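Participant: Turn this into a model:
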Amino acid sequence: MDKATRQEMRSYVCGQCHVEYYFQPGTVKLIFPWDKGFTPDEVYQYYEEIKFKDHEHPATGTPLLKAQHPEFDMFQGSIHQSAGVACADCHMPYTKEGDVKITSHWWTSPLKTIRESCGACHRGDAEYLKGRVLYIQRNTADLQKRAGKALVEAIAAIETARKTPRADQKLLESARQLHRQAQWYWDWVDAENSMGFHNPPLAMNTSGKAIDLAHQAREAAMRAKPAR
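Facilitator: I've put the predicted structure just below:
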């Protein structure tokens with residue numbers, strides 16, 4: 001941290017808490033799963049290698065991961081982060097008290113301070129800028145709903161196969177693994193508190209992967225049931 005710039009520190013101070021993390025089992029030691037990188041793919045591979053799970057799904061028996069609130073992680077590699085924007089630039093924009101310029105201590109959504117947060121760089125009308133944010137969030141939310149529906153269908157199919165005598169256990173295990181990964185991708189976007197805005201391409205891609213993997217999980221579960 002002693003090599004970080006002042007601007008980087010204005011994001012790192014938020015990244016102490018607004019991140020994906022876990023406690024080392026049996027201890028209170030906090031660990032950030034960033035050995036391979038910050039993306040949901042890289043964090044998932046990290047958890048796979050250490051065979052970590054947060055809980056087991058009661059209906060499917062799938063060992064699941066629970067994303068926390070990976071705002072800092074999602075922001076990495078985004079267009080704003082690549083341009084040198086810090087968390088505080090948007091969520092705690094500069095303001096003036098008398099003749100003194102200070103960082104606002106009203107930590108809030110930039111949609112409540114569009115002129116100060118967005119207007120420092122973007123010259124568009126405030127309503128237009130707000131509309132762009134809401135457009136991204138609506139599209140992300142739509143994909144998330146589709147991913148959630150696909151996950152519910154996959155869970156139901158796995159539960160049915162699990163209760164079916166002579167079900168193919170290898171296919172059933174494959175369905176569980178696909179369920180684990182699909183739910184991780186869905187939860188990554190859902191637990192991240194910008195509904196896609198912190199990194200729109202990554203959010204949309206991650207939700208899309210959740211949909212695809214959930215469909216694969218459902219198909220594997222259906223094939224696991226023996227033919228009549």
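
Participant: quick one, strands of this protein?
Facilitator: Per DSSP state E, the chain carries strands over the ranges 22-23, 30-31, 55-56, 63-64, 94-97, 100-103.

Participant: Most tightly packed of these?
Facilitator: Stretch with highest mean neighbour count among the strands of the chain: strand 63-64 (a mean of 16; mean count of other C-beta atoms under 10 Å). Yep, even glycine has a C-beta here, placed from its N, CA and C like the rest.

Participant: re the thing from before, possible to save the strands of the chain as CSV with mean pLDDT and distance to residue 183?
Facilitator: Formatted as CSV, the strands of the chain follow (pLDDT from 0 to 100; distance: least, C-beta to C-beta, whole Å):
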stretch, mean pLDDT, distance to residue 183
strand 22-23, 92, 16
strand 30-31, 93, 21
strand 55-56, 96, 11
strand 63-64, 98, 6
strand 94-97, 81, 40
strand 100-103, 81, 38
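
Participant: Residue 87 is nearest to which of those strands?
Facilitator: strand 100-103 (11.0 Å; C-beta to C-beta).

Participant: can you pull the contacts of the nearest residue to residue 194 once chain neighbours are set aside?
Facilitator: Nearest non-adjacent residue to residue 194, counting by C-beta to C-beta, 6 or more residues apart in numbering: residue 71, 6.6 Å away. With contacts defined as C-beta atoms under 8 Å, 6 or more residues apart in numbering, the neighbours of residue 71 are 14, 18-19, 87, 192-194, 198.

Participant: and residue 71, how far is that from residue 27?
Facilitator: The gap separating residue 71 from residue 27 is 25 Å, by C-beta to C-beta, to the nearest Å.

Participant: Check residue 132 too.
Facilitator: In terms of C-beta to C-beta, residue 132 sits 44 Å off from residue 27.

Participant: Mind checking which of these two has more residues around it?
Facilitator: Higher neighbour count among residue 132 and residue 27: residue 132, with 13 against 8, using other C-beta atoms under 10 Å.

Participant: how much space between the more buried one and residue 144?
Facilitator: Noted for residue 132: a distance of 19 Å to residue 144, by C-beta to C-beta.

Participant: Check residue 66 too.
Facilitator: Taking C-beta to C-beta, one finds residue 66 at 16 Å from residue 144.

Participant: what do you get for residue 8?
Facilitator: Distance from residue 8 to residue 144, by C-beta to C-beta: 30 Å.
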